[in-house]
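**Student:** model the following, please.
(one chain, ligands or ions: 1)
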Amino acid sequence: PRKNLTTSNHLRHVESMAHLPSGAGRITRLNALILGDALASEEDDLVFPSEVLSTQAHVSSPQKYLEMYQRSVHDPSGFWSDIASEFYWREKWGQQVYHENFDVRKGKIKIEWFKGGMTNICYNCLDRNIESGKGDKTAIYWEGNEPGLDSSMTYNQLLARVCQLANYLKDVGVHKGDAVVIYLPMLMELPIAMLACARIGAIHSVVFAGFSAESLAQRIIDCRPKVVITCNAVRRGSKIIYLKEIVDSALLESAQKGIVTDVCLTYENESAMKKEMTKWTKGRDIWWQDVILKYPVTCDVEWVDAEDPLFLLYTSGSTGKPKGVLHTTGGYMVYTATTFKYAFDYKPTDIYWCTADCGWITGHSYVTYGPLLNGATVVVFEGAPNYPDVGRCWDIVDKYKVSIFYTAPTLVRSLMREGDEHVSRYSRKSLRVLGSVGEPINPSAWRWFFNVIGDARCPISDTWWQTETGGFMITPLPGAWPQKPGSATFPFFGVQPVIVDEKGVEIEGECSGYLCVKSSWPGAFRTLHGDHERYETTYFSAFPGYYFSGDGCSRDKDGYYWLTGRVDDVINVSGHRIGTAEVESALVSHPQCAEAAVVGVEHEVKGQGIYAFVTIVEGVPYSDDLRKSLVMVVRNQRLTRYIGHQVFQRREVGK
Ligand code: WT7
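**Tutor:** Just a heads-up that it's a prediction; the model follows:
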């Protein structure tokens with residue numbers, strides 16, 4: 001059992017909630033929902049799950065949660081090994097289920113879960129589910145950018161495709177522990193590529209296919225992949241993005257720095273661009289379709305230690321250099337599967353759609369691994385939510401009978417502006433549970449999501465977590481307790497959040513401060529690639545003894561947690577993390593920019609926008625053209641899309 005365990009504040013409140021006399025049992029829209037924003041205090045606005053949803057939920061009451069939560073923190077070894085035993089382990093983990101040093105003052109930070117256990121996450125996603133009879137169940141519904149362009153794949157078919165690619169990768173010399181960079185849009189080939197790497201013990205590093213050539217090159221240089229996997233082009237909305245050209249320049253740039261990639265495996269995405277039009281480097285570039293089909297549809301699994309690396313995913317920090325967040329196999333597997341099951345109250349009949357791209361952690365944990373580990377049917381969408389019109393999401397929900405829909409507040413707010421009629425013309429009656437992630441969801445967007453999208457029927461799981469945490473940390477469990485619009489509610493099993501003041505002292509009760517975590521959980525990241533020191537200084541040194549999230553947070557009188565946004569030099573634009581230093585260094589690379597200081601400003605749809613103060617080189621007049629070229633310099637060094645002009649045009653970039 002853990003030492004120093006205080007009954008944390010939220011527990012007392014959940015306890016008292018267990019005795020709430022009424023409410024649970026009806027969709028009580030309460031005065032709050034009727035009065036809307038005129039509500040006296042958001043904190044008093046309770047939204048109860050329906051009785052049907054509650055009784056059938058995995059966690060059906062505050063009492064049940066309390067029991068499980070108490071066990072998870074008093075006996076983490078017992079709690080997590082019971083869950084881990086549901087997966088296939090070639091060899092069981094050692095005597096000690098987990099090992100942690102969370103305190104920089106006591107030496108190197110170290111987190112290990114299920115060490116000594118031998119497993120494979122791809123095997124657990126595919127083979128294990130097939131063996132239990134799910135081979136003919138649909139694993140993926142793929143919806144293309146153009147309505148009408150779609151396909152699907154069963155678990156059996158997915159396994160065959162994964163094995164073919166895995167065999168190819170082995171053939172070109174990818175071994176256990178080697179890195180593979182994946183720069184693909186939301187085609188089925190993206191999860192296939194991730195799983196193929198996992199099957200052979202290779203470390204995948206997915207780079208969001210909206211990142212610029214410079215960003216891609218930076219990541220390639222950092223992780224030195226044997227193979228880069230991409231496609232020639234993709235259509236998103238009415239635009240075509242020539243991904244292969246971006247990869248070409250990234251590979252050129254990295255080669256100039258001495259990092260040579262031998263193989264660039266390129267998928268021909270025919271609907272966007274023909275093979276013949278694609279620029280080709282003989283000897284290095286290989287067409288996916290030319291080689292993969294020749295390989296066998298079975299492939300032996302590489303059994304790996306629970307602590308062997310599964311993937312690297314780069315994220316922004318407060319300096320210019322992106323951080324390679326490293327996740328390992330066993331703990332991540334157990335944690336993503338469990339959080340997915342409970343936070344969405346997943347049932348085998350559900351059809352699940354998460355709008356995130358696999359280029360972000362949300363796509364890793366909750367498009368690929370979490371759902372597939374549960375044997376779920378997942379919708380993978382290639383396109384844009386406003387193409388061909390702003391009703392596209394609900395068109396997809398109706399088409400596939402989506403029952404769990406997980407998205408970001410920025411999408412909710414942008415659709416909210418378009419009006420309810422684009423929603424109400426679709427049925428959406430398959431929806432059961434909604435989810436939100438990426439940034440705090442403001443109460444008015446929450447209510448619109450709840451009332452209009454979910455017809456006041458579906459609980460919203462507002463999941464707070466991070467690239468670093470691997471999976472959900474603070475999240476509602478649908479059916480377990482009433483929600484408060486805008487609050488992520490209570491911690492997930494095994495998570496001990498604390499709020500500390502600026503001196504690092506834990507504050508009890510109703511308070512605000514810095515959000516930290518007191519002990520490890522299985523899905524925690526283990527290091528930053530090649531820079532364990534930065535890992536310790538960034539996350540464990542600000543408040544010794546704790547993991548510091550970088551977020552501000554308050555806890556209300558009922559023990560509910562309310563995330564208030566980043567307190568470090570990170571800006572959250574549409575749920576995407578951008579370091580101020582990254583933008584500043586891009587700006588000062590412009591020959592006419594002498595100095596730059598970047599801050600986040602409130603933005604109606606994106607949550608935050610980027611505001612840059614620049615000092616222009618002596619004698620150069622400020623003009624609109626100069627402003628535009630400053631914007632371009634930032635865009636080119638970071639993202640090719642998403643971080644658009646709009647952000648900058650809101651206000652003038654002045655002297
Ligand atoms: C940062 C992590 C986790 C997947 C998506 C982003 C913010 C995330 C919430 C939420 C309030 C949230 C935090 C966090 N954030 N989810 N439900 N409520 N804030 O992953 O890029 O690693 O960003 O996103 O500020 O620190 P990420």
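**Student:** give the bridge partners for Tyr141, please.
**Tutor:** Beta bridges link Tyr141 to Ser152, Val379, judged by DSSP bridges.
**Student:** name all residues that make contact with it.
**Tutor:** With contact set as C-beta atoms under 8 Å, 6 or more residues apart in numbering, Tyr141 has these partners: 150, 152, 351, 377-380, 400. The way it works is simple: take the backbone N, C-alpha and C, and place the C-beta from them, glycine included.
**Student:** kindly report the same for Gln157.
**Tutor:** By C-beta under 8 Å, 6+ apart, the contact list for Gln157 reads Ala139.
**Student:** now the helix or strand hosting it: buried residues?
**Tutor:** With elements delineated by DSSP states H and E, Gln157 resides in helix 155-171, which encompasses its position. Along helix 155-171, these residues count as buried under the neighbour rule (16 or more other C-beta atoms under 10 Å): 155-170.
**Student:** closest to Val304 among the residues you listed?
**Tutor:** Taking C-beta to C-beta as the measure, Val304 sits nearest to Ala166 out of the buried residues of helix 155-171, at 13.5 Å.
**Student:** against Leu66, how distant is the closest one?
**Tutor:** Using C-beta to C-beta, to the nearest Å, we find Ala166 at a distance of 43 Å from Leu66.
**Student:** Pro621: how many residues sit nearby?
**Tutor:** 7 (other C-beta atoms under 10 Å).
**Student:** and it, helix, strand or coil?
**Tutor:** Taken by DSSP: H, G, I helix; E, B strand; the rest coil, the conformation at Pro621 corresponds to coil.
**Student:** state the pLDDT value of it.
**Tutor:** At Pro621, the model reports a pLDDT of 91.
**Student:** isn't Ser365 right next to Gly471, touching?
**Tutor:** Yes: contact between Ser365 and Gly471 holds when scored by C-beta atoms under 8 Å: they sit 5.3 Å apart.
**Student:** so those two - more neighbours on which side?
**Tutor:** Neighbours per residue, other C-beta under 10 Å: of Ser365 and Gly471, the larger number sits with Gly471, 31 against 28.
**Student:** need the contact list for that one.
**Tutor:** For Gly471, the contacting residues are 332, 335-336, 338-340, 365, 370, 465, 492, 523, by C-beta under 8 Å, 6+ apart.
**Student:** state whether Gln608 is indeed within a helix.
**Tutor:** No: judged by three-state DSSP, Gln608 forms no part of a helix; its state is strand.
**Student:** now the two most distant members of the buried residues of helix 155-171.
**Tutor:** Greatest spatial distance among these (C-beta to C-beta): Tyr155 and Lys170, at 22.2 Å.
**Student:** just to revisit the earlier point, which neighbours do Ser365 and Gly471 share?
**Tutor:** Taking C-beta under 8 Å, 6+ apart as the contact criterion, the residues that touch both Ser365 and Gly471 are 332, 336, 339-340, 523.
**Student:** give me the buried subset of those.
**Tutor:** Burial by neighbour count, 16+ other C-beta under 10 Å: within the shared contacts of Ser365 and Gly471 this picks out 332, 336, 339-340, 523.
**Student:** I'd like those laid out as a markdown table, including pLDDT and secondary structure.
**Tutor:** Output for these, formatted as a markdown table (pLDDT from 0 to 100; DSSP: H, G, I helix; E, B strand; the rest coil):
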| residue | pLDDT | secondary structure |
| --- | --- | --- |
| Tyr332 | 98 | helix |
| Thr336 | 98 | helix |
| Thr339 | 98 | helix |
| Phe340 | 98 | helix |
| Gly523 | 98 | coil |
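**Student:** hmm, back to that, nearest to the ligand among the contacts of Gly471?
**Tutor:** If you rank the contacts of Gly471 by distance to the ligand using C-beta to the nearest ligand atom, Trp465 comes first, at 4.4 Å.
**Student:** wait, what's in contact with the closest one?
**Tutor:** If a contact means C-beta under 8 Å, 6+ apart, then Trp465 has 361, 437, 471-475 as its contacts.
**Student:** these, buried ones only, as a PyMOL selection?
**Tutor:** Selecting just the buried residues from those in PyMOL takes one command, with 16+ other C-beta under 10 Å as the test:
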select buried, resi 361+437+471+472+473+474+475
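**Student:** now, which of the contacts of Trp465 lie within helices?
**Tutor:** Under the assignment DSSP state H, those contribute Ile361 to helices.
**Student:** taking the stretch 101-250 of the chain, what residue is nearest to the ligand?
**Tutor:** Phe208 (10.5 Å).
**Student:** hang on, that residue packs against Ile361?
**Tutor:** No: using C-beta under 8 Å, Phe208 is not in contact with Ile361, being 10.6 Å away.
**Student:** tell me the mean pLDDT for stretch 290-297?
**Tutor:** 98.
**Student:** any residues touching that stretch, and which ones?
**Tutor:** Looking at what lies outside stretch 290-297 - C-beta under 8 Å, 6+ apart - the contacts are 159-161, 163-165, 167-168, 171, 265.
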